[in-house]
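Asks: Any chance you could fold what I've pasted below:
(2 chains)
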Amino acid sequence: MSNQEKGTPLILLENIYKIYEMGEEQVRANDGINLSIQKGEFVAIVGKSGSGKSTAMNIIGALDVPTSGRYLLNGIDVSGMKDDELAGIRNKMIGFIFQQYHLLPRLSVLENVELPLLYAGVSPAQRKERAMKALEKVGIADKWNNQPKQLSGGQQQRVSIARALVGNPSLILADEPTGALDSKTSREVLTFLQQIHEDGNTIVLITHDNSIALEAQRVVRLKDGKIIFDGPSEEYRKVQVNMQ
Amino acid sequence: MTILQSFQLAIKSILSNRMRSVLTMLGMIIGVGSVIIIMGMMNAVKSSMLSEFSDFGTDTLTVAYNPIGNRVVTEEDLYQIVEENKELFKGVSPTVESVKNLSYNGHKLNGETVRGVAENFLTINGAKVKDGRFLSYSDVYLRQPRCVIGTYVANELFPGENPVGKVMKIDGEDFTVIGVRAETAGSQKYLADDVVLIPYTKAARMETGFITSCVFAVKDVKDVNQGQTVIEDRLNELLGDKDAYYINNMASMLKMLDTIMGVLTGAIAGIAAISLLVAGIGIMNIMLVSVTERTKEIGIRKSLGARKKDIRGQFIMESGVVSGIGGTIGILFGVLVVYIIRLLAHIDAKPTLGAIIISFSVSVGVGMLFGYMPAKKAANLNPIDALRSE
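Replies: Residues are numbered from 1 along each chain as shown, chains lettered A, B, ... in the order given. Got it, this is the predicted structure:
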């Protein structure tokens, strides 16, 4: 917890349980998670498939609500919110970066980046201006009028990063952002994530890959829905072999 | 998202899936087109029927009667009715209807209406003579074999000739054409210009010898029903039997015809409107497929902050716009077909504004209504599942 500052944490998970009923059986995807992330941190949540990291990501990303427990984002209790309220939270506070980029194929690069602003009700002129700025930030402004399929995987991922940044969210949530990229492009994207972290953004990175997780400042390891490690990445580097 | 934005989005999505959009619209195009064509055709039928009926004049009362034993209605009785109610009636003409074969110089017309009338028939009928003159009192009195012909008969029997003064045959008997009546119904077969008028005295002689019908004309159309009452009273008195006569009141006939046509048009248009319903179901089908196909898009939009109403609005707008465009094409198609029919069949087919407005609004309404269910399905998708779908 070396990196924690004082004040309200950006993310505060208290006793989060997410339980799925599979016929007779109960699956505890998140089995009592307590986690606090401060503004400006770069945290990797790592775990194998089935560890509950995707469930945790859905809850942190306001895509889902926990079965029980409390989730405060920026001091706002999100855990009991209705669908449309969650949509508002996602729109204003969270920028998503997905493994498959998730760009809309029929829209241009610029229109894709404008989407969060569209749902936020920003005027067309402002939308365009802010989207262009975000594209410049990721160094792909010259492709603004292209279709996503005309771009390489790395370029598409940069567009999706621009889309995540455009609404100035409190949190950047990256779900296996390098999963579909070759190692060279992965390196680029990771460097880029570190760069936007240095700009002051809070980043939560979800991955199954220890080497990727080590790029973050702090690593949280999940197993069977529980946190089994939470500490600085240097520390994680030493113990990771025992965590497999 | 504003309405304008969802409209633009809908246009974009329709354009990016052209083949499917056109196929979806096809149902709407056919549905709206058929409503407009049917309404246009009914319009033609109605106007042709009206023109035929109004040839008799809405101010006329056609009376048919039969003698009961020795109780008869004479021509004097008829004239007396007019004489006693001068303020009501313009006049009366005994009529004798028959069907005859006509010929002139090798030209033949079979099964034509030959109507025996009095010299004042023209006034009663409100028609005019184009060439020559009409029957005179002496023609009627002396049972002269003279006739006035309608323009259809003139065109068919005397092509390129002036019929006035020529002698034609009616069932083998010589008649001199003394006049041609001015055109009233487009010189078409079966309509008012397809007629030969001869003195009723002559016509009666050629038939049974009895006069059993007549036509009264009232001075003011408003008095038609009052005139009918006067005639009924007198005929009751003369014949003593309500079933011995029949009075045909053109004004009320027209009214009835109008009602019947209205109901008929409504019924047929209703059947055509079923095709709009079917088109709506087609749209719903396609939209459901579209929602399934675009589950991922919906997931992405939701993850970026689209609320339910944004997604719902997007899909409702899309199906509304698809059917609106389909409806517009259907209107153009229907109007075009109506005018082609009008040109080819020479009938008074006209697209009605009412049909256009109704079918357009119904098509958009149906589109949005049937788009609602798929749109709701899209709006309620769980973003996590939607994102995960391929």
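
Asks: From here on, just use CA atoms for contacts and neighbour counts.
Replies: OK.

Asks: doesn't residue B:277 make contact with residue B:27?
Replies: No. In this structure residue B:27 lies outside contact range of residue B:277 using CA atoms under 8 Å: 9.3 Å.

Asks: Out of these two, name the residue with the larger neighbour count.
Replies: With other CA atoms under 10 Å in any protein chain shown as the criterion, residue B:27 and residue B:277 differ in neighbour count, and residue B:27 comes out ahead with 24 against 19.

Asks: Against which helices or strands is the strand or helix carrying that one packed?
Replies: Residue B:27 is located in helix B:18-54, with elements delineated by DSSP states H and E. Taking 3 or more CA pairs under 8 Å, 6 or more residues apart in numbering or on different chains; DSSP states H and E as the contact definition, the neighbouring helices and strands of helix B:18-54 are helix B:250-293, helix B:308-345, helix B:353-379.

Asks: Could I get the buried residue list for it?
Replies: Residues of helix B:18-54 classed as buried: B:21-22, B:24-44, B:46, B:48-49, B:51-54 (neighbour count, 16 or more other CA atoms under 10 Å in any protein chain shown).

Asks: So what's the gap between the helix or strand following that helix and the chain middle?
Replies: Scanning forward in sequence from helix B:18-54, with DSSP H and E defining helices and strands, the next element found is strand B:60-65. If you compare the mean C-alpha spot of strand B:60-65 with that of the full chain, they lie 25 Å apart, counting by CA atoms, centre = their mean, to the nearest Å.

Asks: again with stretch B:26-42
Replies: Here the centre of stretch B:26-42 is set off from its chain's centre by 17 Å, with CA atoms, centre = their mean.

Asks: So for the helix or strand of chain A with the lowest mean pLDDT, what gets flagged as buried?
Replies: For chain A, the helix or strand with the lowest mean confidence is helix A:233-243, at a mean of 83 (criterion: mean pLDDT, DSSP states H and E). By neighbour count on 16+ other CA under 10 Å, the buried set for helix A:233-243 is A:233, A:236.

Asks: now stretch A:98-108
Replies: Of the residues in stretch A:98-108, those buried by neighbour count under the rule 16+ other CA under 10 Å are A:98, A:99, A:100, A:101, A:102, A:103, A:104, A:107, A:108.

Asks: List the contacts of the residue of the stretch 251-390 of chain B found nearest chain A.
Replies: Among all residues of the stretch 251-390 of chain B, residue B:305 sits closest to chain A, at 4.0 Å; criterion: CA to the nearest CA. Residue B:305 makes contact with A:87, A:88, A:89, A:90, A:91, A:92, A:116, A:119, A:120 under the criterion CA atoms under 8 Å, 6 or more residues apart in numbering or on different chains.

Asks: In three-state terms, label the nearest residue to the fourth one once chain neighbours are set aside for me.
Replies: In this case it means residue A:90. If you skip the residues right next to it in sequence, residue A:90 has residue B:305 as its closest partner in space, 5.4 Å away by CA to CA, 6 or more residues apart in numbering or on different chains. Per DSSP: H, G, I helix; E, B strand; the rest coil, the local secondary structure of residue B:305 is coil.

Asks: measure residue B:305 to residue A:89 for me?
Replies: Spatial separation of residue B:305 from residue A:89 under the definition CA to CA, to the nearest Å is 7 Å.

Asks: now do residue B:109
Replies: Taking CA to CA as the criterion, residue B:109 is separated from residue A:89 by 88 Å.

Asks: Neighbour count for the two, which is higher?
Replies: Here residue B:109 and residue A:89 are set side by side on neighbour count (other CA under 10 Å), and the busier one is residue A:89, at 22 against 14.

Asks: wouldn't that one be in contact with residue A:60 here?
Replies: No. Applying CA under 8 Å, one finds residue A:89 not in contact with residue A:60, separated by 10.8 Å.

Asks: just for the chain, where's the confidence low?
Replies: Defaulting to chain A. Within chain A, the segments meeting pLDDT under 70 span A:1-6, A:243-244.

Asks: try again with chain B
Replies: Counting by pLDDT under 70, chain B shows low-confidence ranges at B:1, B:51-57, B:390.

Asks: For chain B, what is the nearest residue in chain A?
Replies: In chain A, the residue that lies nearest chain B is residue A:91 (4.0 Å; CA to the nearest CA).

Asks: A helix includes residue A:40, no?
Replies: No. Counting by three-state DSSP, residue A:40 is not part of a helix but coil.

Asks: Give me the neighbour count for the closest residue in space to it that isn't next to it in sequence.
Replies: Nearest residue to residue A:40 in three dimensions, chain neighbours excluded: residue A:202, at 4.3 Å (CA to CA, 6+ apart). Residues near residue A:202, counting by other CA under 10 Å, number 22.

Asks: I'd say residue A:202 and residue A:11 touch.
Replies: No. With contact defined as CA under 8 Å, residue A:202 does not reach residue A:11; the gap is 10.1 Å.

Asks: The strand ranked longest in chain B: partners in the sheet, and parallel or antiparallel?
Replies: With secondary structure taken from DSSP state E, chain B has its longest strand at strand B:89-104. With DSSP bridges as the criterion, the sheet partners recorded for strand B:89-104 are strand B:107-117 (antiparallel), strand B:167-170 (antiparallel), strand B:213-218 (antiparallel).

Asks: Buried residues in the second one, which are they?
Replies: Buried residues in strand B:167-170, counting neighbours by 16+ other CA under 10 Å, are found at B:167, B:168, B:169, B:170.

Asks: Send me the following helix or strand past that strand as PDB with only the CA atoms.
Replies: Moving toward the C-terminus from strand B:167-170, the first helix or strand encountered (DSSP H and E) is strand B:173-181. This file holds the C-alpha atoms of strand B:173-181, laid out as PDB (Å, rounded to 0.1, in the frame of the first residue of the first chain):
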ATOM      1  CA  GLU B 173     -88.400   0.900 -89.700                       C
ATOM      2  CA  ASP B 174     -87.200   4.100 -91.300                       C
ATOM      3  CA  PHE B 175     -86.600   7.100 -89.000                       C
ATOM      4  CA  THR B 176     -85.300  10.500 -90.100                       C
ATOM      5  CA  VAL B 177     -82.600  11.900 -87.900                       C
ATOM      6  CA  ILE B 178     -83.600  15.500 -87.100                       C
ATOM      7  CA  GLY B 179     -81.000  16.300 -84.500                       C
ATOM      8  CA  VAL B 180     -77.900  15.300 -82.500                       C
ATOM      9  CA  ARG B 181     -77.900  15.800 -78.800                       C
END
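
Asks: If you count contacts, what does strand B:173-181 end up packed against?
Replies: Contacts defined by 3+ CA pairs under 8 Å, 6+ apart place strand B:173-181 against strand B:129-132, strand B:146-149, helix B:151-157, strand B:167-170.

Asks: so which of those is the most packed in?
Replies: Neighbour counts (mean count of other CA atoms under 10 Å in any protein chain shown) averaged over each of those peak at strand B:146-149, with a mean of 26.

Asks: before we move on, the earlier item: possible to save the helices and strands packed on helix B:18-54 as JSON lines with distance to residue A:195?
Replies: Written out in JSON lines, the entries for these read as follows (distance: least, CA to CA, whole Å):
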{"stretch": "helix B:250-293", "distance to residue A:195": "37"}
{"stretch": "helix B:308-345", "distance to residue A:195": "34"}
{"stretch": "helix B:353-379", "distance to residue A:195": "36"}
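
Asks: Adding distance to chain A, write those out as TSV.
Replies: Formatted as TSV, the entries for the helices and strands packed on helix B:18-54 read as follows, by distance: least, CA to the nearest CA, whole Å:
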stretch	distance to chain A
helix B:250-293	13
helix B:308-345	7
helix B:353-379	10
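
Asks: For the residue nearest the centre of chain B, which residues are in contact?
Replies: The centroid of chain B falls nearest to residue B:46 when counting by CA atoms, centre = their mean (1.2 Å). Taking CA under 8 Å, 6+ apart as the contact definition, residue B:46 lies against B:258, B:261.
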